[in-house]
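> 3D, please:
(chains A and B)
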Amino acid sequence: MNAFIRIGQVRVLGALALATLLSACGGGQTPPVAQGSPETSGQGAAAAGGDGGQINGAGATFPNPIYSKWFSEYTKSHPDVRINYQPIGSGGGIRQLTAQTVFFGATDGPMTDDQLRTAPGPILHLPTVLGAVVPVYNLPEVTAELKFSGPLLADIYLGKVKKWNDTAIAKENPGVKLPATDIAVAHRSDGSGTTYIFVDYLSKVSPEFKQKVGVATSVNWPVGVGGKGNEGVAGVVKQTPGAIGYVELIYALQNNIPYGSVKNKAGAYLKASLESVTAAAAASAASMPADFRVSITNADGKEAYPIASYTWILLYQSPTDKDKGRKMVAFMRWAITDGEAYAKDLGYAPLPDSVVKLEQDALGKIQVQ
Amino acid sequence: MALSPTGRHRAGWADPLFRVGTGAVAVLVIAVVLGILVVLLNDSMLSVRKFGLSFWRTRTWDPVAGEFGALPFIWGTLYSSVLALLLAMPVALGIAIFLSELCPRWLRQPLAFLTELLAAIPSIVYGLWGIFVLAPAVRWLEVHTPEALRRTPFFSGPPLGVGMLAAALVLAVMVIPFTATVAREILKAVPVSQREAAYALGATRWEAIRLAVHYGRIGIVGAVMLGFGRALGETMAVTMVIGNNPQVALSLFAPQHTMAAVLANEFTEAADTLYLNALVEIGLVLFIITVAINGLSRLLIWRMDRTRARPTVIKTVPLAA
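Numbering: from 1, shown residues only, chains lettered A, B, ... in the order given. Got it, this is the predicted structure:
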């Protein structure tokens, strides 16, 4: 999930430019900077040199802004811990972790049983923050905010509901005068955790969607136009009257894109907000499996927004480098407690307290001695 | 005399060393190309074994079910590139001819500079321009297409803005500076004696230009092929406006997909082994098609080169007595 207009990445870009400049000034005498984010490796060169003790991770792009924030804040209070994160996508993160080229991975969709089997050791899923997906649409004639149900969204994305004045849409929106415009469906073209959350939800509420499309980061869409990234989908929706699409909640909030509300399992129409996303997580915390590989779409609870999901950091249960393991566990304890304070400012929903407790216990089980 | 112009003794090993050095660099290119081929083959083995040649003609691309076929992507790549070439070639040649033959001297440098500047714009910028400026304009055009045309297979489908037409237009704009700049250099290299001879024989300006273009035709074909290669491989700008829907459609309004675009879109999140292998095989297919097209253009140039040996007959209108 990439939104390239994020502050965190802009800063990294700036640092990259600076690093390039600096090395240019050095007249080629400075050795090439070690692989990794220029930010951290720059500090590394200043402090200790080499990559001694640097913890490398890679994975999902969606949580990159908050991870970058966490790592830089944490290094301020713990100068001996340097964590370097490459947002290369969830799939890439899982691959690199399995190949043990990075110390930790990060993913927006839990690893499958097959993927866990191919890994050289048991891997733990550790939830960090939550994200949500919202439906966005473009109907200039309609001023009222539209309401959707899960089965309705599934039928639209299956190509069964073709016009905006279809009775299925009118049923959810009594009193709204709907135009006879064709629905132009837009979806993500790039493999993405956003798509994973969205189709996971649609598959839960529509057996037909589950059978015809299924759940993955990229799927074979029966209809519609693919836009690259949140900005691509938002672009198509903005330019095309009659279009519907789905984007990350953060992206819609930061860019002031209006979005519709969705009917949850309890039958309440909810507009996604950071609170209703945390509520969805809290509602399902009681039934949280021990390995945290849980989908919280279509969660129970009147306050729970139905298209929400955790994002995870992946760690080996018995890390080979015990010293790095200890540092990483300490960092994780900080992240899910003090670190969560940074979540809301960056547009992420923080973990509910009940999940933080469960995770504290899980962190204690990582073998670092 | 074993003295170089600077007066020092000429080192006997400098020439061989230079030859070995440049030779090594040239060999390196071949090694890199072969290396790419080996890696592509190796990393796509699973998919090559499973799907065989049917990979080239299967229309399904379903990561969930594990069924992969490249046909929609091959079609989209070739269709968009050919359309872009058809749109770009007349404009690029027009620019080249105007700059080298007809342009007033004071305008020549600024115009050439601006053309080359187009080539320096990053493709993500073209892509954003495509989404926010071009796609709405294309959509307007699609909405106002006469009904009779809309019924033909070339213009069918709902007006979305993004789609094959938008992609071909963006590609055309991106290809123009390459083709125009190289073609202008070719025309500049046509000996003045050729033109003077044409004028001496009583040729008009139009005929003299035709002669110059004819003289430089091999280089111009090369310039066009350079643009074609650029269009085949272009990724970011295309994926932002083509609609990324893997289907084989004639319609210019339909969202389609290309090989480079599917790689850029899906590679990062593909964790499944067969899925990754299928994506690498798309890269292999793109590699094979690029090599084939380059080979064909070589063949074309070679054949033209052979006909060049014959004297060129330019028909001139006899001067009025």
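> flag every residue of chain A that's near chain B.
Within chain A, the residues that sit near chain B (CB under 8 Å from any CB of the partner chain) are A:61, A:88-92, A:94-95, A:111, A:115, A:182, A:184, A:189-193, A:213-221, A:224-228, A:231-232, A:235-236, A:239-240. C-beta coordinates here come from the backbone N, C-alpha and C atoms, glycine included.
> state the number of residues packed around B:Pro146.
8 (other CB atoms under 10 Å in any protein chain shown).
> phi first, then psi, for it.
phi -60, psi 150 (degrees, to the nearest 10).
> what residue in the stretch 201-350 of chain A comes nearest to chain B?
Across the stretch 201-350 of chain A, no residue is closer to chain B than A:Gly226, which sits at 2.9 Å (CB to the nearest CB).
> three-state assignment of that residue?
With DSSP: H, G, I helix; E, B strand; the rest coil as the basis, A:Gly226 sits in strand.
> okay, it and B:Ile220: tell me how far apart.
For A:Gly226, the distance to B:Ile220 equals 37 Å [CB to CB, to the nearest Å].
> flag the shaky bits of the stretch 151-300 of chain B, pLDDT-wise.
Flagging of the stretch 151-300 of chain B using pLDDT under 70 yields an empty set of residue ranges.
> residue numbers of it in contact with chain A?
When proximity is defined by CB under 8 Å from any CB, the stretch 151-300 of chain B lies next to chain A at B:158, B:160-163, B:239-240, B:243-245, B:255, B:257, B:261, B:264-271.
> cross those against helices and list the overlap.
If you go by DSSP state H, these have B:Thr239, B:Met240, B:Ala261, B:Ala264, B:Asn265, B:Glu266 in helices.
> which two of those residues have the greatest separation?
B:Met240 and B:Glu266 (15.2 Å; CB to CB).
> the two - which one has more neighbours?
B:Met240 (33 against 25).
> check contacts around that one.
A:Gly227, A:Lys228, A:Gly232, A:Gly235, B:Ile124, B:Gly127, B:Leu128, B:Gly130, B:Ile131 (CB atoms under 8 Å, 6 or more residues apart in numbering or on different chains).
> tell me the contacts of A:Val356?
A:Val356 touches A:Ile336, A:Thr337, A:Glu340, counting by CB under 8 Å, 6+ apart.
> how about the second one: what's its closest non-neighbour residue?
In space, A:Thr337 comes closest to A:Val356 once its chain neighbours are excluded; the distance is 6.6 Å by CB to CB, 6 or more residues apart in numbering or on different chains.
> looks to me like that neighbour is in a strand.
No. According to three-state DSSP, the state of A:Val356 is helix, so it is not within a strand.
> what's the following helix or strand after the longest strand along chain A?
Longest strand of chain A, by residue count under DSSP state E: strand A:123-137. Sequence-wise, the next helix or strand downstream of strand A:123-137 (DSSP states H and E) is strand A:147-148.
> which strands and helices sit next to the next helix or strand after that next one?
For strand A:147-148, the succeeding helix or strand toward the C-terminus, using DSSP H and E, is helix A:150-158. Secondary-structure packing of helix A:150-158 (3 or more CB pairs under 8 Å, 6 or more residues apart in numbering or on different chains; DSSP states H and E): helix A:167-172, strand A:184-188, helix A:193-205, helix A:207-212, strand A:261-263.
> the residue nearest to A:Thr337 and A:Tyr342, how far apart?
15 Å.
> could you do B:Gly157 as well?
46 Å.
> with A:Pro222 instead?
Distance of A:Pro222 to A:Tyr342, given as CB to CB: 40 Å.
> same question, B:Val25
Taking CB to CB, one finds B:Val25 at 50 Å from A:Tyr342.
> who's more crowded, these two?
When B:Val25 and A:Tyr342 are compared for neighbours, A:Tyr342 comes out ahead with 17 against 9, by other CB under 10 Å.
> quick one, strands of the chain?
Reading this off chain A. Under DSSP E, chain A gives strands at A:54-59, A:82-86, A:104-107, A:123-137, A:147-148, A:184-188, A:225-227, A:243-248, A:261-263, A:269-270, A:308-316.
> that's the wrong chain, I meant chain B
B:61-62, B:67-68.
> in chain A, where is pLDDT below threshold?
In chain A, residues with pLDDT under 70: A:1-52.
> any idea which residue sits dead centre in it?
A:Phe62 (4.1 Å; CA atoms, centre = their mean).
> what's that residue sitting at in phi/psi?
Here is the backbone geometry of A:Phe62 (degrees, to the nearest 10): phi -60, psi -50.
> settle this for me: it is touching A:Tyr196, isn't it.
No. If you go by CB atoms under 8 Å, A:Phe62 and A:Tyr196 don't touch, sitting 10.2 Å apart.
> tell me, what's touching the two both at once?
A:Asp108.
> tell me what the nearest residue to A:Phe71 once chain neighbours are set aside is bridged to.
Nearest residue to A:Phe71 in three dimensions, chain neighbours excluded: A:Ile83, at 4.4 Å (CB to CB, 6+ apart). Taking DSSP bridges as the rule, A:Ile83 bridges to A:Ile55.
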